[in-house]
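> Structure for the following, please:
(one chain, ligands or ions: 1)
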Amino acid sequence: MQTKLQRSGLKVVVLGTGGTIAGTAQSPADNVHYSAAQIGVQQLLDAVPALAGESLEAEQVAQLDSKDMDYDVWLKLAQRIEFHLRRDDVAGVVVTHGTDTLEETAYFLQRVLAPRKPVVFTAAMRPSNAMLRDGPQNLFDAVGVARIDAAQGVVAVLAGAVHGALDVRKVHSYRVDAFGSGDAGVLGRIEEGQFRRLRDWP
Ligand code: ASP
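Predicted coordinates:
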C-alpha cells in the first residue's frame, strides 16, 4: 500500500536524546572520531530546510551517547511520549537517538506504551557536520512517517527503511544503511516522498 507523506496537519513533537545525529567531528571528513550528543534537537530541526514551515515542537529529553542510556532516561522518555500522545493537537512523536542502543529503547517503549499513535525513532551513522551526513534526510523522513494517518506503534526510520520496534536491530558498525529487521523484513520503505507499507504497524 502506497501513501503520500503529508507535510502539514497536526503537530509532530520531536524529542531529542543525543547520539551521533547530534554529534560533531573535528573534521567534516572524519566519520569515525567524533563526539556524540553535542547539538540540541532544535538545532537538528533548523538544519533541515525542507522542514521549515511544518508544525513541529522540539523538546530535549536527554543529551547522551546512547551507550550511556539508563533507566531514568527511559522512564522520562516514556512519560514525555505518553504526555504528548494524549494531546489532540499531536499526530505523533519523533525520537532522535543514538544508534548503539536504539533497538533496546524502541523495544522497551513498544512493550510499555503500545502507542495507538506513531512513535518514530530516527538516528544517524554520521555526525551532524559530516560532509555527506545522513541525519537530515532521516529526520525529514521520520517526521513524514509520524504524520501518516493510519500509523501507530513504535517504529524506526533510517536510510529510507521503516522498521518495527520488535524487529529492528543494528547490523553494521559504520555503513549508513546500518539497520535491519531480520527474517521479519522491513515494515515499509520511503520512496520519493511516498511511504510503501509492506507489513502491519506494530
Ligand atoms: N555511539 C553513538 C550512540 O549510540 C552511535 C550512534 O549514534 O551512531 O549514541
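> For the residue of the chain found nearest the ligand, give me the pLDDT.
In the chain, the residue that lies nearest the ligand is Gly98 (2.0 Å; Cβ to the nearest ligand atom). C-beta here means a position set from N, CA and C on the backbone, and glycine is covered the same way. Gly98 carries a pLDDT value of 98.
> Residue numbers of the chain in contact with the ligand?
Applying Cβ under 6 Å from any ligand atom, one finds that the chain approaches the ligand through 19-20, 36, 65-67, 98-100, 123, 125.
> Helices along this structure, start to end?
Under the criterion DSSP state H, the chain contains helices at 41-46, 71-85, 102-113, 135-146.
> Counting neighbours, what do you get for Met1?
8 (other Cβ atoms under 10 Å).
> Do you know the pLDDT at it?
Turning to Met1, the model gives it a pLDDT of 79.
> start to end distance for stretch 121-133?
Length of stretch 121-133, first residue to last, Cα to Cα, to the nearest Å: 17 Å.
> rewinding a little: in strands, which of the residues of the chain next to the ligand appear?
In this view, these have no member that belongs to strands under DSSP state E.
> before we move on, the earlier item: hmm, Ser35 and the residue of the chain closest to the ligand touching each other?
No: counting by Cβ atoms under 8 Å, Gly98 does not reach Ser35; the two are 11.8 Å apart.
> of these two, who's got more company?
Neighbours were counted for Gly98 and for Ser35 using other Cβ under 10 Å; Gly98 has more, 24 against 13.
> sorry, back to before: mind checking the helices of the chain for the one nearest to Val154?
Of all the helices of the chain, it is helix 102-113 that lies closest to Val154, at 4.0 Å by Cβ to Cβ.
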